[in-house]
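Student: 3D, please:
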Amino acid sequence: MKIFTKMITLFATIVIGINYSVIAQVGINIDGAVPDGSAMLDVVSTDKGFLPPRLSTMEMNAISSPSAGLMVYNTSINSICFYDGTSWRKVYDNDGESCGTITYDGHTYQTVIVGTQCWMAENLNIGTRIDGANNQTDNSTIEKYCYNNSTSHCDTYGGLYQWDEMMQYVTTEGVQGICPTGWHLPTDAEWMILEEEAESTTGVNWNTIGDRGTDAGSNLKEIGTTHWNSYNTDASNSIGFTGLPGGLRLTGEIFDELTFFAYIWSSSENGSNAWSRDLTFNDAQVGRYSNDQNYGVSVRCLKN
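Tutor: Prediction:
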């Protein structure tokens, strides 16, 4: 009985100690100082810093029911991010900055930070060129179209890819597909995040079909007429996305709209079609359209 009583007393003491430690202020320091009266946690050091959890954008967005004020270090954009109760935000504005270059199959791609995303700032140009008269096939080789079957157009505007080839013959949203390791094909929802960041007005419903917003398209397009036609007078490229008008390959050996339109795939299907984004030579808006998966369209990759 005495042993049992001692065990109960010991257990109670441990519980009291635990409760005390939970509600007490905590000081982590090198000088034994009492924590500041306004802080639950007071960290003092002269040669070490505070290291928050390090997560990629994809991992950060996968956190279930984040609390307002939750903070992480985002390794995709190299920035401290916090959850404001509605969405993830950066502590400081580094839109338009690079998140590092990526070398893939001998080509080095520029990148750009937009909000909490890191995008390639160039159209993808990977694979072996095939003639526009042929469909791309599920084999061991990544295949691409070059506008009018000219490799010089791929060098400037990137390759054109059928949706299945881009996805590498799976239908999972956000898959790596033909992107390099550590990158993926943007979903329709991730495109909407980019559009919201690029738009200067608020309250736009991005989940509609057609041209939306007021100036997101202008802010996403490359400035000037070096690659766009002479009507591209509204472009500002204010966030460094540098959208290029690579045109598209229609069914059969038909190429169209080089210098007039940028068509860029998402990895999200819409029935037998797939969602894409369209930038237009004379339009400040961004188009969201459902296109035939057999079309050959430009591709941008998004960092995980």
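
Student: just say helix, strand or coil for Arg89.
Tutor: strand (DSSP: H, G, I helix; E, B strand; the rest coil).

Student: residues in contact with it?
Tutor: Cys81, Phe82, Tyr83, Thr116 (Cβ atoms under 8 Å, 6 or more residues apart in numbering). For glycine as for every other residue, the C-beta is placed from the backbone atoms N, C-alpha and C.

Student: and the protein, what are its domain boundaries?
Tutor: Following automatic domain parsing, one gets these domains for the chain: 2-43, 54-90, 102-303.

Student: out of those, which is closest to Gly96?
Tutor: Smallest distance to Gly96 across the domains of the chain (Cβ to Cβ): 4.3 Å, for domain 102-303.

Student: what is the mean pLDDT for the closest one?
Tutor: Throughout domain 102-303, pLDDT has a mean value of 97.

Student: list the buried residues in stretch 200-216.
Tutor: Burial within stretch 200-216, assessed by neighbour count using 16 or more other Cβ atoms under 10 Å, is assigned to Val204, Trp206, Asp211, Arg212, Gly213, Asp215, Ala216.

Student: for it, which outside residues touch it?
Tutor: Counting by Cβ under 8 Å, 6+ apart, 192, 195-196, 198-199, 217, 219, 234, 236, 280, 283-290 sit against stretch 200-216.

Student: drop anything exposed from these.
Tutor: Counted by 16+ other Cβ under 10 Å, the contacts of stretch 200-216 give 192, 195-196, 198-199, 217, 219, 234, 236, 280, 283-288, 290 as buried.

Student: now, which of the contacts of Arg89 sits nearest Pro35?
Tutor: Phe82 (22.8 Å).

Student: and the closest one, how far is that from Ala198?
Tutor: 22 Å (Cβ to Cβ, to the nearest Å).

Student: what's the pLDDT at Phe4?
Tutor: Phe4 is given a pLDDT of 43.

Student: okay then, goodbye and thanks.
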